[in-house]
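Visitor: have a look at this fold, sequence not included:
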């Protein structure tokens, strides 16, 4: 017999909302490397210990994004991100790079700024370069 949460999970996969379907107060886990599988979607903050997982999730999301605007929208949809700013400048390297400045809501109520550097590849492809503290 199929359990109700399995039916909901299958339906959520079809709708693309798999990481937001609660099951007994937890996120249903589908993609082992996805950051949201490691914390509850109900969390409004991120722990220091989750920063590396967040960085891995960003790298995967960047490589699957079709535009910087799509990536910006994904970042803005995270409850543990206070603000997202796509910087106006282009870093003139080969290939060129763009940066996002984000504010992570940390446990304890502080906001920690991070800079995400994104490499702009050919054919509108993107690659995550680094997450660092602002200069």
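Guide: That came in fine, so what should we check first? Everything numeric here is computed off the predicted structure, so don't read it as measured data.

Visitor: from here on, contacts and neighbour counts on C-alpha atoms
Guide: Noted.

Visitor: the protein: helices as residue ranges?
Guide: Secondary structure of the chain (DSSP state H): helices located at 4-15, 51-64, 68-76.

Visitor: the first one - what's its average pLDDT?
Guide: Per-residue pLDDT over helix 4-15 has a mean of 44.

Visitor: got it, and the last one?
Guide: Summarised as a single mean, pLDDT over helix 68-76 is 96.

Visitor: and residue 101, what does it touch?
Guide: 84-87, 113-116, 134 (Cα atoms under 8 Å, 6 or more residues apart in numbering).

Visitor: could you do residue 80 as well?
Guide: For residue 80, the residues meeting the contact criterion (Cα under 8 Å, 6+ apart) are 43-46, 104-106.

Visitor: got the phi/psi numbers for it?
Guide: Note on residue 80: backbone dihedrals following degrees, to the nearest 10 are phi -90, psi 10.

Visitor: please tell me how far the residue nearest to residue 114 when sequence neighbours are not counted sits from residue 112.
Guide: In this structure, residue 114 finds its nearest non-sequential neighbour in residue 133, 5.0 Å apart by Cα to Cα, 6 or more residues apart in numbering. Here the criterion is Cα to Cα, to the nearest Å. By it, residue 133 lies 9 Å from residue 112.

Visitor: then residue 59?
Guide: When distance is defined by Cα to Cα, residue 59 is 19 Å away from residue 112.

Visitor: ok, the two, which is more surrounded?
Guide: Between residue 59 and residue 112, counted using other Cα atoms under 10 Å, residue 59 has the larger neighbour count: 19 against 15.
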